[in-house]
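Novice: need a 3D model of the sequence below.
(one chain, ligands or ions: 1)
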Amino acid sequence: MPEIKFYKHEPIPMEMHKVKIVQQLSLLPADERLKKMYDASFNTFQLHNGDIFMDMLTDSGVNAMSDQMQSAMLRADDAYAGSETFYRMRDKLEEIFGIKYCLPAHQGRACENILASTFVKPGKCVIMNYHFTTAKAHITRLGGHVEELVKAEGLIPVSDLPFKGDIDIDAVEACIDRETPENIAFMRIESGTNLIGGQPISYKSMKEATDVAKKYGIVSVLDASLLQDNLYFIKTREESMKDKTVREITRMIADLFDIVYFSARKFGFARGGAILVRDEAMFHSMEDYITMFEGFLTYGGMSVKEMEAMTVGFDESMDMDVISQGPQFIKYTVDRLHEAGIPVITPGGGLGAHLNATEFVSHIPQEQYPSGALVCALYLCGGIRGMERGTLSEERTPDGSEHFASMELVRLALPRRVFTLSQVEYVIDRVKWVYDHRDMIGGLRFTHEPKTLRFFTGKLEPVSDWPEKLVAAFKADFGEDQ
Ligand code: F0G
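Specialist: Numbers count the residues shown, from 1 in each chain. Got it, this is the predicted structure:
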């Protein structure tokens, strides 16, 4: 979106859309939220959406659709095989990415399952700038391991580096040397690096990494789930790219990779996923997995209505007015919090604002899940649902010990075109209150701990009565009905 000029007001992010359909929200009083938090076993994934005021868990599958996307759903072609909807989707993806073969799958992790099943064998290594939970879980499930080679400076919470998702090329070379090229299953580059704060990777770094992959005959894979944010940052922060159109940048990126996959719950603003494959033989090596686990090759487990919507969504993702909304709202949130002295990841990236729980609640030891505790405090004190992105989101090491996350984050996602600036102001205000009362927040411990992806379904409890005390302090300041 262009920066709209004001007469007497400081510039603020401006929505380049208007609201046509709304969903009513309600704000439960703090006492009821406390009860709901116990019902949800201190895991925000277990809350019911009706009990939430600001759902900032994720942008996955909850970005607002446009009128054009919704109307496209009406022309969906219901056919088990050969749906015209699929060919429209495939052709649009080929137009944008220049890659011919398309395998539809029901969401991003289904693509990851198929990629891991195709390439990963016990002992094999997958090189990444940084892992994503589901991508890693599929690789380790098959006996592979992940090497995360993001540059060390990408993990420094407060900085003004434009591309904190960049990969360390010397470390890539050293890793290939150590592992041998034959033992590398593939190289996975994640755009909009999710777990380190939605931080982008530059085109330059993608090019360097894929050049090395080519040199050693290693398959290169782009996770394009958060590509729309990353495109915005390349266009606005990478000097050599600023005069290129979003479409040109997208094609230049795609040209670097053998495979591009994405969750269409993010890229395309709908619900689904796909793997794009350049090489025909490689495409055939994967298609059986689609028919066995996803569906026929022309729907891959997706609703054709969603496929029509995402086909329009892909086009909208090539429009700066559309893709700048998320990053600009995130920057606004991050800058306000940072100015107030609240520990946040800077600069603002894509996906959401990320609180740095390591500092925010520095008194909570990592084995008591500081990010998990902070995310619960935000629900208690504002009806805001964020997502834990720290040690809880990691898997234990094979010997059963905790694997401490390199960053303890609470993500406040800003799904695109969903919230207004006044709602964002409410969140900033509540975070400020929680920060001023941070010493009251205590840790959590598991009462039920699943082995895989424990953050989704695990049950926890507070280590003391800190939630009751926090809610009492909140009510003393805001009254019984907030
Ligand atoms: N890759 C990235 C970078 C993601 O952020 C996600 C999902 C996936 C793959 C998996 O896609 O959910 O469609 O199976 N991220 C969601 C999130 C869950 O909340 O950040 P999926």
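
Novice: poorly predicted segments of the protein, please.
Specialist: Low-confidence segments of the chain, defined by pLDDT under 70: 1-2.

Novice: list the buried ones in stretch 10-28?
Specialist: Across stretch 10-28, burial judged by 16 or more other C-beta atoms under 10 Å covers 13, 15, 27-28. The way it works is simple: take the backbone N, C-alpha and C, and place the C-beta from them, glycine included.

Novice: of those, closest to Ala185?
Specialist: In terms of C-beta to C-beta, no member of those lies closer to Ala185 than Pro13, at 41.0 Å.

Novice: so the closest one sits against Gln325, correct?
Specialist: Yes - assessed by C-beta atoms under 8 Å, Pro13 is found in contact with Gln325 at 7.3 Å.

Novice: and the ligand, is the helix or strand where Ala137 lies touching that?
Specialist: In this structure, Ala137 sits in helix 133-141 according to DSSP states H and E. Yes - residues of helix 133-141 contacting the ligand under C-beta under 6 Å from any ligand atom: 134-135.

Novice: what about the helix or strand just after that helix, near the ligand?
Specialist: Using DSSP H and E, the next helix or strand after helix 133-141 towards the C-terminus is strand 145-148. No - judged by C-beta under 6 Å from any ligand atom, strand 145-148 and the ligand are separated, with a smallest distance of 13.4 Å.

Novice: tell me the buried residues in the helix or strand following strand 145-148?
Specialist: For strand 145-148, the following helix or strand on the C-terminal side (DSSP H and E) is helix 169-179. Buried residues in helix 169-179, defined by neighbour count with 16+ other C-beta under 10 Å: 171-172, 175-176, 179.

Novice: can you report phi and psi for the closest residue to His363 other than its chain neighbours?
Specialist: Counting by C-beta to C-beta, 6 or more residues apart in numbering, the nearest residue to His363 once its immediate chain neighbours are dropped is Asp439, at 6.7 Å. Asp439 adopts backbone torsions of phi -60, psi -20, taken as degrees, to the nearest 10.

Novice: hang on, the earlier thing: and the buried residues of stretch 10-28 near the ligand, which?
Specialist: With respect to the ligand, and counting by C-beta under 6 Å from any ligand atom, no part of those is in contact.

Novice: ok, those residues vs the ligand, which is closest?
Specialist: Sorting these by distance to the ligand puts Pro13 at the head of the list, at 21.7 Å, by C-beta to the nearest ligand atom.

Novice: from Ala152, how far out is that closest one?
Specialist: With distances defined as C-beta to C-beta, to the nearest Å, the gap from Pro13 to Ala152 amounts to 32 Å.

Novice: check Gln482 too.
Specialist: Taken as C-beta to C-beta, the spacing of Gln482 relative to Ala152 amounts to 43 Å.

Novice: neighbour count winner among these two?
Specialist: Using other C-beta atoms under 10 Å as the criterion, Gln482 and Ala152 rank with Gln482 on top: 16 against 10.

Novice: can you list contacts of the one helix or strand Met37 maps to?
Specialist: Element membership for Met37, per DSSP H and E: helix 30-39. In this structure, residues lying in contact with helix 30-39 by C-beta atoms under 8 Å, 6 or more residues apart in numbering are 28, 46-48, 51, 376, 379-381, 383, 467-468, 471, 474-475, 478, 480, 482.

Novice: in the stretch 151-300 of the chain, which residue sits nearest the ligand?
Specialist: Nearest residue of the stretch 151-300 of the chain to the ligand, counting by C-beta to the nearest ligand atom: Ser263, 3.1 Å away.

Novice: list the beta-bridge partners for that residue.
Specialist: Beta-bridge partners of Ser263, counted by DSSP bridges, are Gly273.

Novice: where along the stretch 301-450 of the chain do the strands fall?
Specialist: Under the criterion DSSP state E, counting those that start in this stretch, the stretch 301-450 of the chain carries strands at the ranges 352-356, 384-385, 387-389, 409-413, 444-448.

Novice: now those in CSV, with distance to Glu402 and mean neighbour count?
Specialist: Formatted as CSV, the entries for the strands of the stretch 301-450 of the chain read as follows, by distance: least, C-beta to C-beta, whole Å; neighbours: other C-beta atoms under 10 Å:
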stretch, distance to Glu402, mean neighbour count
strand 352-356, 19, 30
strand 384-385, 25, 24
strand 387-389, 14, 26
strand 409-413, 17, 29
strand 444-448, 11, 16
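
Novice: export those as TSV, with columns for distance to the ligand.
Specialist: Compiled in TSV, the strands of the stretch 301-450 of the chain are given as follows (distance: least, C-beta to the nearest ligand atom, whole Å):
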stretch	distance to the ligand
strand 352-356	9
strand 384-385	12
strand 387-389	6
strand 409-413	7
strand 444-448	20
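
Novice: which among the ones you listed is found nearest to Lys305?
Specialist: With C-beta to C-beta as the criterion, Lys305 lies closest to strand 409-413 of the strands of the stretch 301-450 of the chain, at 24.2 Å.

Novice: what's that closest one packed up against?
Specialist: Judged by 3 or more C-beta pairs under 8 Å, 6 or more residues apart in numbering; DSSP states H and E, strand 409-413 is in contact with strand 352-356, helix 357-360, helix 370-380, strand 387-389.

Novice: which among the ones you listed is found nearest to Gly143?
Specialist: strand 387-389 (26.0 Å).

Novice: helices or strands up against the closest one?
Specialist: Secondary-structure packing of strand 387-389 (3+ C-beta pairs under 8 Å, 6+ apart): helix 370-380, strand 409-413.

Novice: closest one to Asp399 among these?
Specialist: In terms of C-beta to C-beta, the element of these nearest to Asp399 is helix 370-380, at 22.2 Å.

Novice: which residue packs closest to Tyr289, ignoring adjacent ones?
Specialist: Closest residue to Tyr289 apart from its sequence neighbours, by C-beta to C-beta, 6+ apart: Ile114 at 4.4 Å.

Novice: go ahead and confirm the one you found touches Asp288.
Specialist: No - Ile114 sits out of contact with Asp288 when judged by C-beta under 8 Å, with a separation of 9.4 Å.

Novice: more neighbours: these two, which one.
Specialist: Legend: neighbour count by other C-beta under 10 Å for Ile114 and Asp288, higher for Ile114 (26 against 13).

Novice: do you know how far the more buried one is from Ala473?
Specialist: 50 Å.

Novice: now Val22
Specialist: According to C-beta to C-beta, Val22 and Ala473 sit 33 Å apart.

Novice: give me every residue that touches the residue nearest to Glu480 when sequence neighbours are not counted.
Specialist: Leaving aside its sequence neighbours, Glu480 sits nearest to Pro29 (C-beta to C-beta, 6+ apart; 6.1 Å). Remark: with contacts taken as C-beta under 8 Å, 6+ apart, Pro29 is in contact with 480-482.
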